[in-house]
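Chemist: Turn this into a structure:
(2 chains)
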2 protein chains.
Amino acid sequence: MENGITTPRGFKAAGISCGIKKRGKKDLALIYSEVMTRATALFTTNQIKAAPLKVSAEHIKDGKAQAIVINSGCANAATGKKGLKDAKEMTKIAAEELGIEREDVLVASTGTIGTFLPMDKITEGIKEAKEKLSEEGGREAAQAIMTTDTFPKEVAVELKIGDKRVIIGGTTKGAGMIFPHLATMLSFITTDAAISGELLKKALKSSIAKSFNMITVDGEESTNDMVVILANGLASSKEIVEEDENFKKFSSGLDEVTLKLAKMIVMDGEGASKFVEVEIRKAKDSKEAKRIAFSIANSLLVKTAIFGEDANWGRIMAAIGNSGVKIEENKIDIYLGNLKLASKGCGVKFSEEEAKKILKEKEVKIIVDLNLGEESAKVWTCDLTPEYVKINAHYRT
Amino acid sequence: MENGITTPRGFKAAGISCGIKKRGKKDLALIYSEVMTRATALFTTNQIKAAPLKVSAEHIKDGKAQAIVINSGCANAATGKKGLKDAKEMTKIAAEELGIEREDVLVASTGTIGTFLPMDKITEGIKEAKEKLSEEGGREAAQAIMTTDTFPKEVAVELKIGDKRVIIGGTTKGAGMIFPHLATMLSFITTDAAISGELLKKALKSSIAKSFNMITVDGEESTNDMVVILANGLASSKEIVEEDENFKKFSSGLDEVTLKLAKMIVMDGEGASKFVEVEIRKAKDSKEAKRIAFSIANSLLVKTAIFGEDANWGRIMAAIGNSGVKIEENKIDIYLGNLKLASKGCGVKFSEEEAKKILKEKEVKIIVDLNLGEESAKVWTCDLTPEYVKINAHYRT
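Modeler: Numbering: from 1, shown residues only, chains lettered A, B, ... in the order given. Modelled structure (predicted):
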């Protein structure tokens, strides 16, 4: 399906430039539901939490929200009392403009840590965004939340609850500081499904565990990470109030949305030239599989070898050995796509030409068989390139 | 003092090219003591341990050794039974050449993981190295153990035990895969002091905790890390058999040697353009201080900002928040050298010009005051540059 957050019924959005970013780039987004929504959110586990997260966490306590105001270009993190006051002020201005309660407005920010918001620009920006709210505004909102992202990220899926079409739409921004839990990212999901607050939370948690928490760009978790879902019930579908067939359908739709968004984040990882899937098979338990997968996916040496299209599987072995999980060296098999590179902990003769061909592709699969049990895990990452360094060397300036 | 491992009395060394590396670069080193030494070693904690480590661990069990044979260009790791056989063969050939017992020869390797040693070249190489053993051979041995290092690393210090001059010399190689415990590195230390095996071990462990285990280049620990010390007693100094004044002197001499070598590794970190000291002050305990220091020192975003000479202290805050250690955001002060960037968790107005000046230097200090207690920790690292990525993209090829 085309479009994202404004595809479900009753959602409007806008994305405008209010002057936080240089050169007239879009930097303020507003998302609005015509009616009150059931809402739930997850926030970063970084101990340094940005001011907008604190305000949003307070406002979403009652399980309701009707609007979200987001700015890019300034994270409003490590900004103390003034930062908190500014974040509150953003919800107040948006509420006044929209004629709703301040407590029903959520707020998010992304950008440089440690600088204050230009509140006059933001005040004007919110007013302008309110004027531009539209049912076609999803794309512009997706653009306005970008930082070093190179493309806006949107997805929408349709499902049937009874005889009603229900839509789940989403947008996200990522690029750097990407590591679970919750990558450095903001993600906003909308749906016209009707669902209880409790089950909405359950579905979101489960989806995130399988998507946003399984990706890594650089092993960094930001101060501003946040995923929000708003469900306004305007599809007139039967309200989901128990874990029945309809809940399963909704959950799998949400899984699809979050997984697609998560993979887009990795594809657009800062400076990334390749999308990498790391799969650990036959582990003793899934937690261990995940830990080994992340040890490989976060290894700078593995990531640079993939950038260099070099089948240096020894670095994969070293990363496995570094994971902290007990393994048996002489049971490990390593594959690059379908090509076996190592068997029982030792290198096998493989065609360097074939390996090169696989590594030349835009998407690369690393598979490790531990041959210890029955569990598995998949994580997604990207390669590490000189471009990543360049992007991050001068981010603030 | 000039020179390194051959500065203490009775030690000879050689470094030659036997053809493992391309273009005639030195790739085989031999270190030999005229008399038997007290010896102790520490090995990587990576679960994937290279074959030479297994052999050396076995040979050093009796606390004695008289020679070390080392090759670069091939790590002999993830090489199974054949790798183990090859490592044993290396000690056998060296023992025959030197006319000593096989069990008194240690072996170490560094280079690409997962490839087999070219044993015919190595056999010839050991013979040639034996012929070239010399009391001036320290430098050539230091060159022969290099991989992506850009300069040989050597140090020697002199101390007095009673009225006797005692010397401790050392060499190391580092460059990539640098993270405690034991960086990706080999380090060989020689001394003509007389000291009991037990105290030698105690001194080495303590020195490493303060030096090699406090540095990081890329958060990777290799399969081949190893530090060895050989003490041959030829200074005719009083044997150190208890933790007295002489033990303290010896220990502080060893501290100096290991710290200098460790800092050289960071200075020569792959692609590094800057040497960075991260100091955490006023922590509740020293373990927590160390954990936060490493969270900052391993942060790609902090490292790239330093490369870009950008005083982006918000990333330091984010790394502190990510360390897993309980902190109080509104108590944190951050300094760049003497320049205060943040006070009580918030940014302060600082001169960007002054910050730029500090960041232009080759050595940069980051200081974080947690204001929670009395403990502190220092770690050393380098910046992350596009050059690091380039070096590691094509390491194997």
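
Chemist: Low-confidence ranges, chain A, go.
Modeler: The model of chain A has pLDDT under 70 over residues A:1-2, A:175-184, A:217-223, A:395-397.

Chemist: Map the structural domains onto the sequence of it.
Modeler: Under the assignment automatic domain parsing, the domains of chain A span A:11-267, A:275-393.

Chemist: Quick check: end-to-end length of the first one?
Modeler: In terms of Cα to Cα, to the nearest Å, the two terminal residues of domain A:11-267 are separated by 27 Å.

Chemist: re the thing from before, return the most buried member of the domains of chain A.
Modeler: domain A:11-267 (a mean of 22; mean count of other Cβ atoms under 10 Å in any protein chain shown). In short, each C-beta sits where N, CA and C put it, glycine included.

Chemist: Quick check: bridge partners of A:Arg281?
Modeler: On the basis of DSSP bridges, A:Arg281 is bridged to A:Asp369.

Chemist: give me every residue that touches it.
Modeler: Taking Cβ atoms under 8 Å, 6 or more residues apart in numbering or on different chains as the criterion, A:Arg281 is in contact with A:Ala289, A:Ile367, A:Val368, A:Asp369, A:Leu370, A:Ser376.

Chemist: returning to that earlier point: out of the domains of chain A, nearest to B:Phe212?
Modeler: Of all the domains of chain A, the one in closest proximity to B:Phe212, counting by Cβ to Cβ, is domain A:275-393 (16.3 Å).

Chemist: can you map out the helices along the stretch 101-250 of chain A?
Modeler: Counting by DSSP state H, counting those that start in this stretch, the stretch 101-250 of chain A has helices at residues A:119-132, A:138-144, A:197-210, A:245-267.

Chemist: In a markdown table: these, plus distance to chain B.
Modeler: Shown next, in a markdown table, are these (distance: least, Cβ to the nearest Cβ, whole Å):
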| stretch | distance to chain B |
| --- | --- |
| helix A:119-132 | 16 |
| helix A:138-144 | 21 |
| helix A:197-210 | 18 |
| helix A:245-267 | 16 |
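
Chemist: In JSON lines: those, plus distance to A:Ala67.
Modeler: Shown next, in JSON lines, are the helices of the stretch 101-250 of chain A (distance: least, Cβ to Cβ, whole Å):
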{"stretch": "helix A:119-132", "distance to A:Ala67": "9"}
{"stretch": "helix A:138-144", "distance to A:Ala67": "12"}
{"stretch": "helix A:197-210", "distance to A:Ala67": "17"}
{"stretch": "helix A:245-267", "distance to A:Ala67": "20"}
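
Chemist: Nearest to B:Arg38, out of the ones you listed?
Modeler: Judged by Cβ to Cβ, the one of the helices of the stretch 101-250 of chain A that comes nearest to B:Arg38 is helix A:245-267, at 52.6 Å.

Chemist: my read: A:Val348 touches A:Tyr335, true?
Modeler: No. Applying Cβ atoms under 8 Å as the test, A:Val348 and A:Tyr335 come out as separate, 10.5 Å apart.

Chemist: Is A:Lys82 in contact with A:Phe116, as I believe?
Modeler: Yes. Using Cβ under 8 Å as the test, A:Lys82 is close enough to A:Phe116 to be in contact (6.1 Å).

Chemist: Okay, A:Val368 and chain B: tell me how far apart.
Modeler: Remark: distance between A:Val368 and chain B (Cβ to the nearest Cβ, to the nearest Å) = 12 Å.

Chemist: Next, the contact list for that residue, please.
Modeler: A:Val278, A:Glu279, A:Ile280, A:Arg281, A:Ile292, A:Ile296, A:Ile316, A:Ile320, A:Ile332, A:Asp333, A:Ile334, A:Tyr335.

Chemist: A:Ser343 too?
Modeler: A:Ser343 is in contact with A:Asp333, counting by Cβ under 8 Å, 6+ apart.

Chemist: again, but for A:Phe307
Modeler: A:Phe307 sits next to A:Ser273, A:Lys274, A:Asp383, A:Leu384, A:Thr385, B:Val389, B:Ala393 when contact means Cβ under 8 Å, 6+ apart.

Chemist: picking that back up, can you check which of the helices of the stretch 101-250 of chain A gets nearest to A:Ile60?
Modeler: Nearest of the helices of the stretch 101-250 of chain A (Cβ to Cβ): helix A:197-210, 10.1 Å.

Chemist: now the angle from the closest one to helix A:245-267?
Modeler: Calculated by axes from the mean of the first three to the mean of the last three Cα atoms, to 10 degrees, helix A:197-210 forms an angle of 40 degrees with helix A:245-267.

Chemist: So what's the gap between helix A:197-210 and the chain middle?
Modeler: Distance, stretch centre to chain centre, for helix A:197-210: 14 Å (Cα atoms, centre = their mean, to the nearest Å).

Chemist: Up against chain B, what does the stretch 51-200 of chain A have?
Modeler: A:75, A:77-80, A:82-83, A:112-115, A:176-177 (Cβ under 8 Å from any Cβ of the partner chain).

Chemist: if we go to 6 Å?
Modeler: A:Ala78, A:Gly80, A:Ile113, A:Gly114 (Cβ under 6 Å from any Cβ of the partner chain).

Chemist: which two from these end up farthest apart in space?
Modeler: That would be A:Gly80 and A:Ile113, which, of these, are the farthest apart (Cβ to Cβ) at 12.5 Å.

Chemist: wouldn't A:Ile332 be in contact with A:Gly345 here?
Modeler: Yes. The criterion here is Cβ atoms under 6 Å, and A:Ile332 meets it with A:Gly345 at 5.0 Å.

Chemist: Mind naming the longest strand for chain A?
Modeler: strand A:28-43 (DSSP state E).

Chemist: same for the following helix or strand past it, what does it pack against?
Modeler: Scanning forward in sequence from strand A:28-43 by DSSP states H and E, the next helix or strand is helix A:51-59. Here helix A:51-59 touches helix A:80-98, strand A:105-112, going by 3 or more Cβ pairs under 6 Å, 6 or more residues apart in numbering or on different chains; DSSP states H and E.

Chemist: what's the shortest one packed up against?
Modeler: Helices and strands touching strand A:105-112, by 3+ Cβ pairs under 6 Å, 6+ apart, are helix A:51-59, strand A:64-74, helix A:80-98.
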